[in-house]
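Generate a structure from the sequence data that follows.
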Amino acid sequence: MENWNEKLITAAGNGDIEALKLCLQNDADIDYQGVIGWTALMSAAMEGHLEICRLLIDRGCKIDTTEVSGWTALMLAAREDTWRSVVSSLIQDGRGWTALMMAAMGGHLEICRLLIDRGCKIDITDNSGETALHLAAEEGYLQITRCLVEQGGASPLIKTHQGQTPYDLAAGAKQGQYEEVMKYLQFLVSEDNFEGFGPECFYYINRNILANLPIFDLSPENDREFPDDLEIDGHDRTVM
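The predicted model follows:
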């Protein structure tokens, strides 16, 4: 009896789309994990086979499965520097979400760091006008919010199609460390030398702001303490 599950993984790694389709026609488990936990998507992503990745995702495969070492298909692709051709397909759906957006919303700090290090675009917006920073702020993820700003230069001034900034979404959702996130975002844009500049200037300006702040260590035990007199403005208005 043929093992269509194993053949599926092999076909994906080889970039053999016809063999892959044959496996699926014979009811191969699209999310089957081999000996070391690899799926067909992982094999395709590791080798940079974009068409295979797209086909598997279109067929509904899981994109966040981890192998024995805790790596996802996205992480494997990024590690091998094949991500430039496959990463947008690994995590992207009808909302226009990118890999960084999904990682930010999912609370995956290390994946965010990895993607930023590989040069991914930070301030791309989805179909609602949200960026990865909007999603991280809305979930109350302080460390990821800081990572996006400090490592990636994300702008806290970009507004969604409904006119909401990351600050506004954090204030409205009240999830996780939302108060700390709000303080952090408000602190960034309260600098005098930033007033009057548009979102596109933030990457360059915040280099100067952040250069004087001890907030580059993103480990949880080193969360920045903000001034006690820095009060959070009422969330019924946009402060940025």
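
and Y141, what does it touch?
A104, G107, L109, G176, Q177, V181 (C-beta atoms under 8 Å, 6 or more residues apart in numbering). C-beta: built from backbone N, CA, C; applies to glycine.

element containing the first one, please.
For A104, the enclosing helix or strand under DSSP states H and E is helix 99-105.

Could you name the helices and strands sitting against the helix or strand following that helix?
For helix 99-105, the following helix or strand on the C-terminal side (DSSP H and E) is helix 109-117. For helix 109-117, the helices and strands in contact under the criterion 3 or more C-beta pairs under 8 Å, 6 or more residues apart in numbering; DSSP states H and E are helix 73-79, helix 99-105, helix 142-150.

quick check: mean pLDDT across the first one?
The predicted model gives helix 73-79 an average pLDDT of 71.

Can you tell me the closest non-neighbouring residue to the residue most central in space within the chain?
Centroid check for the chain by C-alpha atoms, centre = their mean gives L100 as the closest residue, at 2.2 Å. Once flanking residues are discounted, L100 sits nearest to A132: 4.6 Å by C-beta to C-beta, 6 or more residues apart in numbering.

Around that neighbour, count how many other residues there are.
A count of nearby residues for A132, using other C-beta atoms under 10 Å, gives 33.

for T66, same thing?
T66 has 14 neighbours, counted by other C-beta under 10 Å.

In space, what's closest to it - neighbours in sequence excluded?
T72 (5.5 Å).

Can you add pLDDT and give the contacts of Y141 back as TSV?
Shown next, in TSV, are those (pLDDT from 0 to 100):
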residue	pLDDT
A104	89
G107	86
L109	86
G176	94
Q177	95
V181	96
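
Buried only: go through those for me.
With burial judged by 16 or more other C-beta atoms under 10 Å, the buried subset of the contacts of Y141 is A104, L109, G176, Q177, V181.

wait, doesn't the first one sit right on C112?
Put plainly, it is A104. Yes. Between A104 and C112 there is a contact at 5.8 Å, judged by C-beta atoms under 8 Å.

and for those two, which residues touch both?
Shared contacts of A104 and C112 (C-beta under 8 Å, 6+ apart): A132, I144, L148.

check contacts around G106.
Residues counted as contacts of G106 (C-beta under 8 Å, 6+ apart) are D64.

State the pLDDT value of it.
What the model reports as pLDDT for G106 is 80.

Show me the shaky parts of this protein.
Along the chain, the parts satisfying pLDDT under 70 run over 1, 78-96, 191-240.

could you redo the last one with a cut-off of 90?
Across the chain, the ranges flagged by pLDDT under 90 are 1-2, 35-36, 44-51, 53-54, 57-121, 126-127, 150, 187-240.

what about the helices in it?
Here the chain has its helices, by DSSP state H, at 4-14, 17-25, 40-47, 50-58, 73-79, 83-90, 99-105, 109-117, 132-139, 142-150, 166-173, 178-189, 202-211.

So for the longest one, what gets flagged as buried?
Read that as helix 178-189. Neighbour-count burial for helix 178-189, counted by 16+ other C-beta under 10 Å, picks out Y178, E180, V181, M182, K183, Y184, L185, Q186, F187, L188, V189.

could you list every residue that touches the closest residue to E47 other than its chain neighbours?
Leaving aside its chain neighbours, E47 sits nearest to G13 (5.6 Å; criterion: C-beta to C-beta, 6+ apart). Neighbour list for G13: S43, A44, M46, E47, H49 [criterion: C-beta under 8 Å, 6+ apart].
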